[in-house]
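S.K.: this one's sequence-less:
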């Protein structure tokens, strides 16, 4: 396999047609080597438009979805990013290209180790992997300029919104199979939240996310 041609094809034939218009977003996928993050036995499928299986029942997001997330949150240089749902670490590595520091949290120890090893091997030194449950927020390093949830939630906890800095943005997959909505939320100082639905999809759910019936008023 010609890896560089496969990488180029992924960007031009999968990511660009998904309304990923910013050249700087597409360039991220040329810079961060996706094949170095997939499980070794799946390396031949690193650039395929599929969810690549990961340990603990998780999966890498498809390349077009990764591109749309980055397109939605923008590519301005920011100080602090929180990712909830680390997986293999590839998306955190993409986020790290435009962040001073990325904090990524996963509830599965095996995935924490996998991502940490991937960052070390690829020289990514501005990402910290935390083991824990961040399905309802991660206050330890808050507030953040950007928050990205890489797995699904039934509903979005208010804690996550309050952990955004003014003028920050949050990306989330909300709902449950068979239909989930990808949306981006912008928090403006002294203004109402702006919520923008982007597309419908299905992704693995984050563990311990609150079901609407769990809320008490």
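M.R.: That came through fine. Please read all numbers here as calculations on a predicted model, not as lab measurements.

S.K.: all contacts plus neighbour counts: C-alpha atoms, from now on.
M.R.: OK.

S.K.: dump the residue contacts of the nearest residue to residue 133 once chain neighbours are set aside.
M.R.: Residue nearest to residue 133 in three dimensions, not counting chain neighbours: residue 107, with 5.1 Å by Cα to Cα, 6 or more residues apart in numbering. Under the criterion of Cα atoms under 8 Å, 6 or more residues apart in numbering, the contact list for residue 107 reads 85, 131-134, 207.

S.K.: using CSV, lay out those together with pLDDT and distance to residue 59.
M.R.: Below are those laid out as CSV (pLDDT from 0 to 100; distance: Cα to Cα, whole Å):
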residue, pLDDT, distance to residue 59
85, 96, 10
131, 98, 18
132, 97, 18
133, 95, 18
134, 95, 18
207, 82, 14
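
S.K.: those: which two are farthest apart?
M.R.: Greatest spacing in the contacts of residue 107, by Cα to Cα: 131 and 207 (13.0 Å).

S.K.: the bottom helix or strand of this protein by mean pLDDT?
M.R.: Least confident helix or strand of the chain, by mean pLDDT, DSSP states H and E, is helix 158-162 with a mean of 91.

S.K.: geometric centre of this protein: which residue is closest?
M.R.: Taking Cα atoms, centre = their mean, the centroid of the chain lies closest to residue 150, which sits 4.0 Å from it.

S.K.: and the helix or strand encompassing that residue, what does it pack onto?
M.R.: Assigned by DSSP states H and E, residue 150 belongs to strand 144-153. Strand 144-153 makes packing contacts with strand 78-84, strand 164-176 when contacts are defined by 3 or more Cα pairs under 8 Å, 6 or more residues apart in numbering; DSSP states H and E.

S.K.: with mean pLDDT and distance to residue 64 added, can I get those strands in a markdown table?
M.R.: Shown next, in a markdown table, are the helices and strands packed on strand 144-153 (pLDDT from 0 to 100; distance: least, Cα to Cα, whole Å):
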| stretch | mean pLDDT | distance to residue 64 |
| --- | --- | --- |
| strand 78-84 | 95 | 18 |
| strand 164-176 | 94 | 15 |
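
S.K.: out of the ones you listed, which comes closest to residue 203?
M.R.: strand 164-176 (7.7 Å).

S.K.: ok, back up a step: quick one: which of the contacts of residue 107 has the most company?
M.R.: residue 85 (30 neighbours; other Cα atoms under 10 Å).
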